[in-house]
Structure formats: C-alpha cells, structure tokens
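In: sequence below, structure please.
(chains A and B)
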There are 2 protein chains.
Amino acid sequence: MAGQVRNKQVMLKDFVVSGYPLESDFVLHTDTLSLKLSEGSYNAILVRNLYLSCDPLMRLLMVGATVDSDPGFPLYKLHSPLNGFGVSEVVDSTHPSYKIGDLVWGLTGWEEYTLLQDPQALFKIDHTDVPLSYYTGILGMPGMTAYVGFFEKCMPKKGEYVYISSAAGAVGQLVGQFAKLSGCYVVGSAGSKEKVDLLRNKLGFDEAFNYKEEPDLGAALKRYFPEGIDIYFENVGGKMLDAVLQNMRVHGRIAACGMTSQYNVSQPDGVHGMVAVIFKRIRIEGFAAFDHISGYDKFLEFILPHIREGKMIYVEDIATGLENGPAALVGLFSGRNVGKQVVVVSPE
Amino acid sequence: MAGQVRNKQVMLKDFVVSGYPLESDFVLHTDTLSLKLSEGSYNAILVRNLYLSCDPLMRLLMVGATVDSDPGFPLYKLHSPLNGFGVSEVVDSTHPSYKIGDLVWGLTGWEEYTLLQDPQALFKIDHTDVPLSYYTGILGMPGMTAYVGFFEKCMPKKGEYVYISSAAGAVGQLVGQFAKLSGCYVVGSAGSKEKVDLLRNKLGFDEAFNYKEEPDLGAALKRYFPEGIDIYFENVGGKMLDAVLQNMRVHGRIAACGMTSQYNVSQPDGVHGMVAVIFKRIRIEGFAAFDHISGYDKFLEFILPHIREGKMIYVEDIATGLENGPAALVGLFSGRNVGKQVVVVSPE
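Out: Coordinates of the predicted model:
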C-alpha cells in the first residue's frame, strides 16, 4: 500500500510475575503502518516517537492480569507494544488540538510510530530552547513528581534535614536540588561510587553514601543524621523504610513516590518500625504526579527559569535506538543507569 | 504536723519492658502531705484528684529508661506516683491563674492529692453542666484526638467508607459518631460481643464485628467494605494495619493515634503491604492531640452543644477508688473495659 512504513515495536514476550525482568522477556517486532490517518478517523493523532522514558512504574505493568496489583495504569499485554511516557512529533492529526509538526509529551507506545486515539494524557511542548528529552524527565512526570512530592507533600522549612534514596535517579536528583534551593541539609544514597560522586560533586548534595556498602542502614542514617531526619523522599521501601523510621524526627514527613525494592520480590519485606509513626507523629504520604497534573503549567513556570539560568541541572543516561530499549529498561531495576534513563527512538 | 493528710498513691513496682502489665507491677503507697502550700512557694497549685484517666499511652511510659522509646512524655520512675490525665479541684494555690475551688483537667498524679509546680498542661473547667469525668474523655484528650484525627487528618466527605478499630474505646466511639454526623458509612471492630452490640445498637455504627472471631482480618474487611475503605482510624497497628492496607481505596487516609497491638510485644509485627501506599496514594498520619491543644476552645464550642442536645453520647467504664486503679489500667490492655476507662479517686 502506498505510504506504508515499517514500525519497529518493543513487546513483552512473557509476563514477569516476580524477580527482575530480563532482556529476554522482551521481543522486537516489526509491523507496518500508513503515515496518513484513515478517512473518517477523528480525534486521533499519529506520532513519530523521539524519546521514550524508562520508569520504575513500568515494572508493575509487566506482571500479567493474574496478580492483584493496581498501579493506576493498564497492565501490559503480550504481543502488543509496551507503553510509557515519551516525547513525540505529530505526523498526522484529525484532532482539533493538534496539527502536523506539533511536539508533544505524554503516554505513547514503545515503537517508532504510535496512533493515539482521543489522547488524554498528552501535553503540547511550547518551549524548545531546552533539550526535548527533558520532557521525559525534569520537565515531565519525574519533574512533577519531585516538585509535588517535595514542596506540597513535604512542606520543607529552611534548615531541615532531608534524606533521599535512589538519589541519583530521575526524581531523586531533582529533589536534592530543590532541597538545597530551600536551604535544607541533604543526604542522598545510591548504589555505586559513580552515583555517589555525582551526588556530592555535581548535584550539590551535602553528603552521599553507597547503600550497598552499609551492612546496617539504620546505623548509616544515624551517622549521616545525628539529629534525625525531618523529610524522607521515599523511592525504595522495605528495609530502607524501616531504617528511616528509626531515624525520623518528631513531625517528620515521608513523601512516597515509589518502593522499587518491593517491585521485584514475591514476598514483600515487613516494615517493623511503624509504631514510630505514632511516637513521632510522622506523616507518610503516597502520591502520584498524574493526580496533580492540573498544576503542570505552574510547575513549568517555576522550573524553566531555573534550567535556563543554570540553577538546576539534569543528568540523563541516554540509550540510542529502540532496539536498545529493553536493555535500558531492564537496567533500571539493577541500577545500571546513572541519572534519568532515556531511549532515543528517532532523531529530532 | 498540723494540717497533714494521708495521700494514697499508685506507683510502679517494676518496669514492664515487654508483655502485658499486671496488677502486681503496681503498688499502693501512703504518704502524707500538707494541704497548705509552703510559704515562699509560687506558681504552684495543690489539687485534690477527682477522676483519673486510663490511657493506652501509659503503657509506653512503664518500660524504664533502658528501652529506646520516645512516647512524648517522661517515662515512669519506680517509687514515684504514676501520672496521667485527670480532673482535679484546686485546694491551695500560689499561681495567679488558679484559685482555691477551681476545677481543672490535665496532667496530674495517680494519688489523692498532687502538688503541681508551674503547671503547663492544665485547663480550667468552665462548663460543669456535663459530667466532670467527661474531661478525661469526650471533653479531654480522647475527644480532641477523635476530633483532630477525624476532621483535620482524615478530611471526611459525605458518603465515604470509614473503618475504626478499637471502636468501643475512649476515642473510637467518638470517631464513629463524628463519621455518622458527617454522612459517612461506618464500621467498627472491637473484641467482645458486648462491645459490638454497643457499637451497633447504641453508638449508631452501620456495622460492627468482633475481630477476635475473624481468622482472616483482610477477608473480614473485604466483606464489610466491598468497595474498599476511604478512611481508617488506626488504634491497633500490626496485622490490623496490614489487613486495612489491602482494603484501602485510592486516596485513602489513615489517621494513626495509637498502635496498641504493638505496645506489649517484644518483636513488633512486620507490615508487609506498605507498597499499597504507593499504588493507592494513601496517606498515613501519626498525630497527637496535645500538638493541637491550641484548638481546644474551638473544639469545646463544637462538642458541648452536641452533648447537651443528645447528639453525641459517651460511654464510660468507671472504677471506683484509687486502690482499684491498677486493675482498671491493666484491664485496658486486655480490652476488659467497655468505653472510656475512668478511675474515681474522690467524690466531687
């Protein structure tokens, strides 16, 4: 058929019920599609995907329908492209809000081209003087997550003690910088020397440590926070949460946007120190940036000048080519990436 | 010496490091004191104690100084009277804010007479058309706890599903009535048929169940809340918290004022379902009424008319005589009391 193009796609080959996902759980598939929307279609757009985001949440979508899980997004099906957040260019549109050439970010497919019928979770990109890939990170969901979680959920005060786990990741690196902008004392943990150095030397954390080298996480936190922790930005869960609870101060706040240590296990860790929530009047709040997406424009107004003036930086780990997407995604769960993991699908 | 009176006191005989406290952990002691404050004393009051409050928090003060615990109040010492909340009458005063005959409620000693030097946590009782013992309960800390926890921490909306553990206790019975006043659907759990009947037949709960008869708490909650739980008022902790987390709805709120199941154990239960906090964006907030005590007058303005008009009731379990105080206090932890446990020390 005229105008047909090849469309490379990443699909899930097997559900990943427990344990770490492997590259071999995914398969590349090549389909074909027309770059013109069919006549009679409406409220549809066809996009060419430029950047795809690797997010920890995607692990929860791989489990298959048999598992009791409610991650807030539809679970992945076998033999159908994954989806996730990405940056894309509109190549055809029958939607009144989008025209050919528009740049957008939001939910799209893990493929070269995606047909989006009546897209809801999509934002037009108006500011292109910053790297477009940033819309998968500092200017996308991770940015909103850090912003909402830190400012709205943790309500930081100058001089408070802030601890961030997965601190070199897509969200953690931003929370650390927000905390320094707020006059807080900030310690981050990560899983390699390279990441710890990044936190200390580039991202402005006051201290950082490699949690893999700490046999006793509670003791490590006691060392870094002799006065205790006011704010914990929770990305990990399990034993780390327990160690933090031991070290929280009265009226401490825990913003919980992820518990990645619990996503690959069949038996979740027990958290034994919950009674600290009573003694220390601690607030633990789970949240998701997409619940706060109506505040996105306000967030952009805040963050864009900080980027342009060099007051916020963002570290990305770029994998090139959709065929390298599965390795990049899987690497997220072993902590291979340094900074926000992005997959480049097509040149801008 | 002239004007000396006998002063019966309840003291802790042995620290209760773990396990349930026993009556034999306490001892009655008789001291003497003068009913006149010594010359040169200032900012002091001498009170005759009328009612003493048995509070779960007191368990945490019995552990001795060797245990890592921070309940927010000074730990009990051996050979010194316990303290806790009570209702008292001023019998002498060198404090400008109190005069002989004033009725007060607040922190006092487990004894017939208490000398309070520079009292901070004390409120003058202006309204005496309601039972004075209510100032240990519905008009005291339990009342404030229910009010702050339910209205400020849980922010109920009409039609929401509310679950309350220890629902027939000092706080739970009030939360249930607040929830009904707010147009919520309310289920409570308690540990005996008598309490369950009280919840259903007298306190206006929609449903109630005996948690001791439920081999699977998660399944029980699923039965009572097929749509899930929006608000949980947490008094218990441990396995109950885990069962609740399984059954919470998205954006659920847990106000945690106690975790009594964890106060008598040496190894705390692990809570295995914390990842629900992420998936369902749940907020868990520990709080203590004394952090909100500046709002006490506003609370009184709200609650007094409800009591006078019969729109709120309060069930008390009254033990008479200080010598019966230890049994009443100990009974709290086995759930012997039905309603707020009060000890009458002296006739009004």
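In: point me to the residue of the stretch 151-300 of chain A nearest chain B.
Out: A:G270 (1.7 Å; Cβ to the nearest Cβ). For the C-beta atoms, the positions are set from N, CA and C on the backbone; glycine is no exception.
In: tally of neighbours for that residue?
Out: Applying other Cβ atoms under 10 Å in any protein chain shown, we find 17 other residues in the vicinity of A:G270.
In: A:H251 too?
Out: 14.
In: hang on, the earlier thing: pretty sure the residue of the stretch 151-300 of chain A closest to chain B contacts B:V271?
Out: Yes - with contact defined as Cβ atoms under 8 Å, A:G270 reaches B:V271; the gap is 6.2 Å.
In: and the longest helix anywhere in chain A, what does it pack against?
Out: Longest helix in chain A, counting residues (DSSP state H): helix A:296-308. When contacts are defined as 3 or more Cβ pairs under 8 Å, 6 or more residues apart in numbering or on different chains; DSSP states H and E, helix A:296-308 packs onto helix A:141-147.
In: for the helix it packs on, packing partners?
Out: helix A:172-181, helix A:296-308.
In: buried sites along the shortest one?
Out: To tie it back to what came earlier, the one meant is helix A:172-181. For helix A:172-181, a neighbour-count test (16 or more other Cβ atoms under 10 Å in any protein chain shown) marks A:G172, A:Q173, A:L174, A:V175, A:G176, A:Q177, A:F178, A:A179, A:K180 as buried.
In: pLDDT score assigned to the third one?
Out: It stands for A:L174. pLDDT recorded at A:L174 is 98.
In: which residue sits closest to it, ignoring its sequence neighbours?
Out: Leaving aside its sequence neighbours, A:L174 sits nearest to A:A146 (Cβ to Cβ, 6 or more residues apart in numbering or on different chains; 3.6 Å).
In: now do that neighbour: how many residues are near it, please.
Out: Count around A:A146 with other Cβ under 10 Å applied: 29.
In: helices or strands up against the worst-scoring helix or strand of chain A on mean pLDDT?
Out: Of all helical and strand segments in chain A, the minimum by mean pLDDT, DSSP states H and E falls on helix A:276-279, at a mean of 92. Judged by 3+ Cβ pairs under 8 Å, 6+ apart, the packing partners of helix A:276-279 are helix A:238-247, strand B:283-286.
In: run the chain-centre distance for the longest helix of chain A.
Out: Helix A:296-308 has its C-alpha centroid displaced from the chain centroid by 18 Å (Cα atoms, centre = their mean, to the nearest Å).
In: report the buried residues of it.
Out: So helix A:296-308, judged by 16+ other Cβ under 10 Å, has buried residues A:Y296, A:F299, A:L300, A:I303, A:L304, A:I307.
In: now tabulate those in a markdown table and tack on distance to B:E285.
Out: Putting the buried residues of helix A:296-308 into a markdown table (distance: Cβ to Cβ, whole Å) gives the following:
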| residue | distance to B:E285 |
| --- | --- |
| A:Y296 | 27 |
| A:F299 | 25 |
| A:L300 | 30 |
| A:I303 | 29 |
| A:L304 | 34 |
| A:I307 | 34 |
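In: between these, which is closest to B:H292?
Out: Of all the buried residues of helix A:296-308, A:F299 has the smallest distance to B:H292: 31.7 Å, by Cβ to Cβ.
In: which strand or helix spans A:V342?
Out: Using DSSP states H and E, A:V342 sits within strand A:340-344.
In: got the angle between that strand and helix A:172-181?
Out: 130 degrees (axes from the mean of the first three to the mean of the last three Cα atoms, to 10 degrees).
In: quick one: contacts of strand A:340-344?
Out: A:50-54, A:133, A:136-138, A:142, A:169-170, A:173, A:314-322, A:324-325, A:328-329, A:331-332 (Cβ atoms under 8 Å, 6 or more residues apart in numbering or on different chains).
In: got it, and stretch A:193-200?
Out: A:167-168, A:173, A:176, A:188, A:190, A:205, A:207-210, A:315, A:335, A:338-339.
In: apply 7 Å and report the result again.
Out: Stretch A:193-200 is touched from outside by A:A167, A:A168, A:G176, A:G188, A:A190, A:F205, A:A208, A:F209, A:N210, A:V315, A:V338, with contacts defined as Cβ atoms under 7 Å, 6 or more residues apart in numbering or on different chains.
In: ok, now which ones touch the residue of the stretch 151-300 of chain A closest to chain B?
Out: Contacts of A:G270 (Cβ under 7 Å, 6+ apart): B:G270, B:V271, B:H272.
In: which residues in the stretch 101-250 of chain A form strands?
Out: Counting by DSSP state E, counting those that start in this stretch, the stretch 101-250 of chain A has strands at residues A:103-109, A:113-117, A:122-124, A:161-164, A:185-190, A:207-210, A:229-234, A:248-256.
In: including mean pLDDT and distance to chain B, could those strands go into CSV?
Out: Shown next, in CSV, are these (pLDDT from 0 to 100; distance: least, Cβ to the nearest Cβ, whole Å):
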stretch, mean pLDDT, distance to chain B
strand A:103-109, 97, 18
strand A:113-117, 96, 25
strand A:122-124, 95, 21
strand A:161-164, 98, 16
strand A:185-190, 98, 19
strand A:207-210, 98, 23
strand A:229-234, 98, 8
strand A:248-256, 97, 5
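In: among those, which comes closest to B:W105?
Out: So among those, strand A:248-256 is nearest, using Cβ to Cβ, at 24.5 Å.
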